[in-house]
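Novice: quick one: sequence plus predicted model below, questions after.
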There are 2 protein chains.
Amino acid sequence: MPNKQLEEEFLEYIKKMQSYEEAISMLYWDLRTGAPKKGVNQRSETIGMLSTEAFQMLVSERMNEYLTKLSEETVFHTLSPLTQKAVELLKKEYKKNKMIPPKEYEEYVILCSKAESAWEEAKEKSDFHLFAPYLKQIVDYNKKLIGYWGYKDHKYNTLLEEYEPGMTVEILDKVFSQVRDAIVPLVKEINSSPNKPETEFLYKYFPKEKQKQFSEFILKEIGYDFEAGRLDETTHPFEISLNRGDVRVTTKYDENDFRTAIFGTIHECGHAIYEQNVSETLEGTFLCSGTSMGIHESQSLFYENFIGRNEAFWERYYNNLKGYSKEQFLDVPLQDFYRAINESKSSLIRIEADELTYTLHIIIRYEIEKALFNNEILVEDLPKIWNEKYEQYLGITPKNDAEGVLQDVHWSDGSFGYFPSYALGLIYAAQFRHAMLKELPNLEELIRTDRFEEIKGWLTRNIHQFGKMKEPLHILQDVTGEGLNAEYLIKYLDEKYRNIYHI
Amino acid sequence: MPNKQLEEEFLEYIKKMQSYEEAISMLYWDLRTGAPKKGVNQRSETIGMLSTEAFQMLVSERMNEYLTKLSEETVFHTLSPLTQKAVELLKKEYKKNKMIPPKEYEEYVILCSKAESAWEEAKEKSDFHLFAPYLKQIVDYNKKLIGYWGYKDHKYNTLLEEYEPGMTVEILDKVFSQVRDAIVPLVKEINSSPNKPETEFLYKYFPKEKQKQFSEFILKEIGYDFEAGRLDETTHPFEISLNRGDVRVTTKYDENDFRTAIFGTIHECGHAIYEQNVSETLEGTFLCSGTSMGIHESQSLFYENFIGRNEAFWERYYNNLKGYSKEQFLDVPLQDFYRAINESKSSLIRIEADELTYTLHIIIRYEIEKALFNNEILVEDLPKIWNEKYEQYLGITPKNDAEGVLQDVHWSDGSFGYFPSYALGLIYAAQFRHAMLKELPNLEELIRTDRFEEIKGWLTRNIHQFGKMKEPLHILQDVTGEGLNAEYLIKYLDEKYRNIYHI
């Protein structure tokens, strides 16, 4: 078969895989946004069937043939860059999946589903021992995976690679300890500062319908394309990309804390703007999506923190907010409002943490996961170690497992190596911001005068358009001229919070 | 392979086909209820891919093997009734599809897609000649189909069989002429009756939100299960079954004519109640759905006409309606309201026709389609014939093709043989009502006192539960003890409309 024809066939093949993914995403979105409960069992079978089909296309003999032929030296260099990248990434995936004995994988899927139920029960009863036996098996399976896949330098690197290709313990140890050493004392200073913002007014009644209208207004303002997406309501907000012309976001409304919806929506919108602006040349392939968890999170956090929690943003939109709300903000000067929405304090629950302390929650998890896979600690010791680290870094100790080691779902489905992405998102975002400021030194002014097109344009040119064509550290290097560097985040947080707390 | 194992494998196979159908339905529903427009192209490709997969499973060599082996005499009698029925129906489908040369089918799909655009343009410009060349080709293809598939007695029977298995020209000629001969003079009498209902109040402003609340209230009352479905808004209302626990309906709100939403919703709800109450033993197979277009329509029309347009229904709910509306009905006595919502007059557009004249619209189409496939008339003569029949049966003549021969989409996608289902629905429904009255002689009282569970229970016992396990005429025979019989419909319409028009 001529190379050109082979390449076209291969692209048709991965397009078909992508269509399965689109259908699965659709069914998932529908389940979360209002599918009637009596249809859920049958629906799960349909999702299962489609997922199996997509997976079998990935590990099929036909895929193997494509990858082998297209990788031949005389062929590979004739391929388009898109095909080359697809071949490169699929070869990794194919190889990894082929190394796992199907029977073991099947057992693991069943284990995870049991583990999630066990975790739910354990969390409800706040008893880690109910979950520990499952967690131990999940850790063991992941150790076995590392055995199959091999590792370089650190076993945990193999798990990191799943979520953030190219990221290593060597890089993270250095950067995370730098962050920790800078933030821990800053948090202490803030906790003992007498200049705390007044926050009572935040918790006044703000009708849901009005919050919804304000959220939609803000999404339009900052550049979310409603012709390529929609906003719905769910218990757990998320962004989901069906295709680049259909990138949906959801949010949650708390009538006694408007921040949940507005900052949550801006956050998901940051994810969505990334997906809506991947180059259309990648459409119909798995490359038409954000490149990694960390880079994705950098975009959501850029919008949430650097735009949504920015003083300039509220200089522009505080009056609009007042218009949508009742009399909640009548007596609150802008400066007080700004300080209040940026309140920082040590807390126990990661997902409720503020911009400043959030990274510490992640670093704790990173250190624990790494030690677990280095065989330095045991599953049964996790609650003790968890609590000690919270005391050490945040100065507070969980009263029980539910608000401690059991708070996150991630370990129950074996997502080890995922947590660092959240902190990487912040670090990347600060590095991108620093680079952006060189080209757009008037960033604050752009925000103040709602010229978001210029900000989005910069992000699209430098990050969004590439989809998965560039790996995370490659993007970082191209945009900033350097590797991972926490200095910008530290400087940004230090300045912002010293200002807010007058310290 | 032991029979039992073969049967199980086969059932898994058709379950997988059904999962494809569920995913396709989901994507279709989403497209109609709010998918962002920029995602539609990619979405269409995904629907196309899934449809192709499902179709290929139907015509695969593997399907052929299953059907051949399971049909062997020694095997077939060991199968469950469900498997037997599935084998029987799939054998027909398999055979029919295998007879069509794939290339011809492909050309036909392309032709239909062009024909629909041509029809849209022709309708807009009210010029049949723009559509005629496409229609001619579509008719020719369907004639060729009849050639491949063969026919018994009448060529048109082969097309009827697609929508209403067992239905024939012989049966329809007799029954439709009986209906025509009874209804045409009745319509004339009514058109010239001086006792016309006052209808002006129908067109007053009724806010959409209130119509929505009233529609939801009524759906719950009459037995639609909201835990197994949901109500959304679309331009063209429909019912769609993802699985028996997820049967959705949509409606359309006209703020200047509340009847659109309320009767439309009750109609779709009749379809949905059918699908929600198929026996759960059929779940996960294509048998878990209404048996034919005609029987389906009998259920929607039973609810819409015999319940929704019944005087007893409004004795119960008129006050509720008043509560949801503004002052629209304040001075309108119940009897005037009842007469107004049942107003009948000759009109040109099928989908706007009332209960009494609707059948005549269908009979016109039936007679034309039959003559077309009997080679008694030519495509180019359709506008003339159409207009003559409207004058003859309804006493009015279309001013142009747009409100005449071009009004329906059906012919542009080759759905010949579909129209009769609508009239069959009315005839079946009246037969079912007659049978129901023997067991539930207090039917009016049940409606008046919102005991809809008893009505639904009867329909489920006699019709819904069987899904596709029984063919239409089989159900009719079991429920009524006779074949198709228009007497009950004629009697019902005669009594109802003589009463309303005091003639």
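Specialist: Sure thing, it's come through. Numbering: from 1, shown residues only, chains lettered A, B, ... in the order given.

Novice: spatially nearest residue to residue A:306 (excluding sequence neighbours)?
Specialist: Nearest residue to residue A:306, sequence neighbours excluded (Cβ to Cβ, 6 or more residues apart in numbering or on different chains): residue A:433, at 5.6 Å. Yep, even glycine has a C-beta here, placed from its N, CA and C like the rest.

Novice: next up, the contacts around the one you found.
Specialist: Contacts here follow Cβ atoms under 8 Å, 6 or more residues apart in numbering or on different chains; on that basis residue A:433 touches A:302, A:306, A:443, A:488, A:492.

Novice: identify the farthest-apart pair in the residues you listed.
Specialist: A:443 and A:488 (13.5 Å; Cβ to Cβ).

Novice: for the nearest residue to residue A:238 once chain neighbours are set aside, report the pLDDT, please.
Specialist: Leaving aside its chain neighbours, residue A:238 sits nearest to residue A:250 (5.7 Å; criterion: Cβ to Cβ, 6+ apart). pLDDT recorded at residue A:250 is 97.

Novice: three-state assignment of residue A:250?
Specialist: When classified by DSSP: H, G, I helix; E, B strand; the rest coil, residue A:250 comes out as strand.

Novice: so it sits right up against residue A:268, yeah?
Specialist: Yes. In this structure, residue A:250 is within contact of residue A:268 by Cβ atoms under 8 Å, at 7.0 Å.

Novice: settle it for me: which of these two has more neighbours?
Specialist: residue A:268 (25 against 21; other Cβ atoms under 10 Å in any protein chain shown).

Novice: quick check: which element contains the more buried one?
Specialist: Secondary structure assignment for residue A:268, by DSSP states H and E: helix A:259-276.

Novice: one more: residue A:86?
Specialist: Assessed by DSSP H and E, residue A:86 sits inside helix A:81-99.

Novice: ok, the residue nearest to residue A:306 to residue A:458 distance?
Specialist: To residue A:458, residue A:433 is 10 Å away according to Cβ to Cβ, to the nearest Å.

Novice: before we move on, what about residue A:391?
Specialist: Applying Cβ to Cβ, the value for residue A:391 to residue A:458 is 42 Å.

Novice: neighbour count winner among the two?
Specialist: Between residue A:391 and residue A:458, counted using other Cβ under 10 Å, residue A:458 has the larger neighbour count: 19 against 12.

Novice: give me the distance from whichever helix or strand residue A:103 is part of to the chain's centre.
Specialist: Assigned by DSSP H and E, residue A:103 falls within helix A:102-125. Centre-to-centre, helix A:102-125 and its host chain are 23 Å apart (Cα atoms, centre = their mean, to the nearest Å).

Novice: show me the shaky parts of the stretch 251-400 of chain A.
Specialist: Applying pLDDT under 70 to the stretch 251-400 of chain A flags no residue at all.

Novice: near chain B, which residues of it are found?
Specialist: Taking Cβ under 8 Å from any Cβ of the partner chain, the part of the stretch 251-400 of chain A that reaches chain B is made up of A:283-284.

Novice: same deal with the stretch 51-200 of chain A?
Specialist: Neighbours of chain B within the stretch 51-200 of chain A, by Cβ under 8 Å from any Cβ: residue A:53.

Novice: pick out the residue in the stretch 51-200 of chain A sitting closest to chain B.
Specialist: Nearest residue of the stretch 51-200 of chain A to chain B (Cβ to the nearest Cβ) works out as residue A:53 at 7.9 Å.

Novice: list the contacts for the closest residue to chain B within the stretch 101-250 of chain A?
Specialist: Nearest residue of the stretch 101-250 of chain A to chain B, counting by Cβ to the nearest Cβ: residue A:246, 2.6 Å away. Residues in contact with residue A:246 (Cβ under 8 Å, 6+ apart) are A:228-229, B:35-36, B:38-39, B:42-43.

Novice: and the residues you listed, which of them are buried?
Specialist: By neighbour count, with 16 or more other Cβ atoms under 10 Å in any protein chain shown, the contacts of residue A:246 hold A:228-229, B:35-36, B:38-39, B:42-43 as buried.

Novice: before we move on, back to that, in the sheet, who's paired with the residue nearest to residue A:238?
Specialist: Counting by DSSP bridges, residue A:250 is bridged to residue A:232.

Novice: OK, contacts around it?
Specialist: Neighbouring residues of residue A:250 by Cβ under 8 Å, 6+ apart: A:32-33, A:231-234, A:237-239, A:268.

Novice: quick one: the nearest residue to residue A:81 once chain neighbours are set aside and chain B, what's the gap?
Specialist: Leaving out its chain neighbours, the residue that sits closest to residue A:81 by Cβ to Cβ, 6+ apart is residue A:469, at 7.1 Å. The gap separating residue A:469 from chain B is 19 Å, by Cβ to the nearest Cβ, to the nearest Å.

Novice: burial count for residue A:319?
Specialist: Neighbour tally, residue A:319, other Cβ under 10 Å: 11.

Novice: distance-wise, check it relative to chain B.
Specialist: Remark: distance between residue A:319 and chain B (Cβ to the nearest Cβ) = 29 Å.

Novice: and that residue, how close does it get to residue A:329?
Specialist: 9 Å.

Novice: now, which of the buried ones among the contacts of residue A:246 sits nearest residue B:2?
Specialist: Using Cβ to Cβ, residue B:43 comes nearest to residue B:2 of the buried ones among the contacts of residue A:246, at 43.2 Å.

Novice: residue contacts, whatever residue of the stretch 351-500 of chain A ends up closest to chain B?
Specialist: The minimum distance from the stretch 351-500 of chain A to chain B, using Cβ to the nearest Cβ, falls at residue A:467 (14.5 Å). Going by Cβ under 8 Å, 6+ apart, residue A:467 touches A:278-279, A:282, A:287-291.

Novice: what does residue A:275 give?
Specialist: A:239, A:241, A:244, A:247, A:289-290.

Novice: now with 10 Å?
Specialist: By Cβ atoms under 10 Å, 6 or more residues apart in numbering or on different chains, the contact set of residue A:275 is A:228-229, A:239-244, A:246-248, A:288-290, A:296, A:299, A:464, A:467.

Novice: is chain B contacted by the helix or strand harbouring residue A:19?
Specialist: Assigned by DSSP H and E, residue A:19 falls within helix A:3-33. Yes. Residues of helix A:3-33 are located near chain B by Cβ under 10 Å from any Cβ of the partner chain, namely A:12, A:15-27, A:29-30.

Novice: quick one: which of these is nearest to residue A:199?
Specialist: Nearest to residue A:199 among the residues of helix A:3-33 next to chain B: residue A:29, at 34.6 Å, using Cβ to Cβ.

Novice: grab the nearest non-local neighbour of the closest one.
Specialist: residue A:240 (5.3 Å).

Novice: what's across from the one you found in the sheet?
Specialist: Bridge pairing for residue A:240 (DSSP bridges) gives the partners residue A:248.

Novice: can you verify residue A:236 is assigned to a strand?
Specialist: No. Assessed with three-state DSSP, residue A:236 is coil; it does not lie in a strand.

Novice: what's the local residue count around residue A:115?
Specialist: Going by other Cβ under 10 Å, the residues that sit close to residue A:115 add up to 22.

Novice: domain parsing for chain A?
Specialist: Listed domain ranges for chain A are A:3-99, A:200-347+A:438-495 (source: automatic domain parsing).
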